[in-house]
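>>> Here is a sequence with its predicted model. Questions after.
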Amino acid sequence: MPVAILTKNVDLLELKRRFSSSNRTNGTDCCRWEGVSCDPFSGNVTSLDRRNFNIIGSRSSTLFNLTSLRYLHLASNDLNITPFPASGFEGLTSLTYLNLSHVGFYGQIPIGIAHLTNLVSLDISLGWSSVELHNPSLQILIGNLTLLT
């Protein structure tokens, strides 16, 4: 197994520890897990759809190691009301879809999202959580996101 694929599996296995509904993530081959899609040639994870999967606990920086992600949907999980990660999103430059609605983040929306210039869809609606847009402002945050529909 190539080192890149092994690293991605390790990253996803770390995330797996946070899934309370482990019956959806049996085994160590992450490409067979429900909600995970991989490129058939490289084996890299390209889609992670974990909405309503009861991901619990604090956020994990291992998610940001999945740099081949094009689709990331984490809506309606309980991250114990933690601050947005200050960095990491800027490395997910292949993303075309990002949904972080109702995940329990609060505080300043990270500037790294402004670097996701391939985004076509962005949902950071957070319900009752307190979100801030001071630096960057909304104009700066979405200024480069010209593909948003």
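Done, it's in.

>>> Going by C-alpha atoms from here, please, whenever you check contacts or count neighbours.
Fine.

>>> just checking, Gln108 touches Ser137?
No: counting by Cα atoms under 8 Å, Gln108 stays clear of Ser137, with 9.8 Å between them.

>>> who has more neighbours, the two?
Gln108 (18 against 14; other Cα atoms under 10 Å).

>>> Who does the more buried one form a beta bridge with?
Glu132 (DSSP bridges).

>>> residues contacting it?
Pro83, Phe84, Val131, Glu132, Leu133, His134, Asn135 (Cα atoms under 8 Å, 6 or more residues apart in numbering).

>>> at 10 Å instead, please
By Cα atoms under 10 Å, 6 or more residues apart in numbering, the contact list for Gln108 reads Pro83, Phe84, Pro85, Ala86, Ser130, Val131, Glu132, Leu133, His134, Asn135, Pro136, Ser137.

>>> which among the residues you listed end up buried?
Pro83, Phe84, Pro85, Val131, Pro136 (16 or more other Cα atoms under 10 Å).

>>> now the residues you listed in TSV, with secondary structure, pLDDT and distance to Gly112?
Formatted as TSV, the buried ones among the contacts of Gln108 follow (DSSP: H, G, I helix; E, B strand; the rest coil; pLDDT from 0 to 100; distance: Cα to Cα, whole Å):
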residue	secondary structure	pLDDT	distance to Gly112
Pro83	strand	80	14
Phe84	coil	83	11
Pro85	coil	84	9
Val131	strand	75	15
Pro136	coil	76	10
